[in-house]
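**Q** Got a predicted structure plus its sequence, pasted below:
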Amino acid sequence: MDFQKELDARGLNCPLPILRAKKSLNDMTSGEMLKILATDPGSVKDFAAFAKQTGNELVSTAEAGGEYTFFMKKK
């Protein structure tokens, strides 16, 4: 999947992945894609809630070997 910016939030626990994603999205323009890497299992629920709250689109969520990859499109 194409993305304009990547955020490595591996090793960070809630709420840091969300806070870093929010900061990254603030620097992006509408329609751009942010790829987020995380290891916190709680981040799956957190990013779903964050997308719903902010209106940004959580395009996909994947997990492999305890590592989570999210693609979020800025509204």
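**A** Great, that's in hand.
**Q** residue furthest from the geometric center of the chain?
**A** residue 65 (17.7 Å; Cα atoms, centre = their mean).
**Q** distance of that residue from residue 53?
**A** Distance from residue 65 to residue 53, counting by Cβ to Cβ, to the nearest Å: 29 Å. Backbone N, C-alpha and C define where each C-beta goes, glycine included.
**Q** do the same with residue 59
**A** For residue 59, the distance to residue 53 equals 16 Å [Cβ to Cβ].
**Q** And the two? Which one has more around it.
**A** For residue 59 and residue 53, the more surrounded residue by other Cβ atoms under 10 Å is residue 59, and the numbers stand at 15 against 9.
**Q** Was I right to think residue 35 contacts residue 9?
**A** No - checked against Cβ atoms under 8 Å, the pair residue 35 and residue 9 is beyond contact range at 10.7 Å.
**Q** Quick check: buried residues in stretch 44-58?
**A** For stretch 44-58, the neighbour count (16 or more other Cβ atoms under 10 Å) marks 46-47, 50-51, 54, 56, 58 as buried.
**Q** Mind listing residues that contact that stretch?
**A** Residues outside stretch 44-58 that contact it (Cβ atoms under 8 Å, 6 or more residues apart in numbering) are 14-15, 17-18, 21-22, 25, 36, 40, 61, 63, 68, 70-75.
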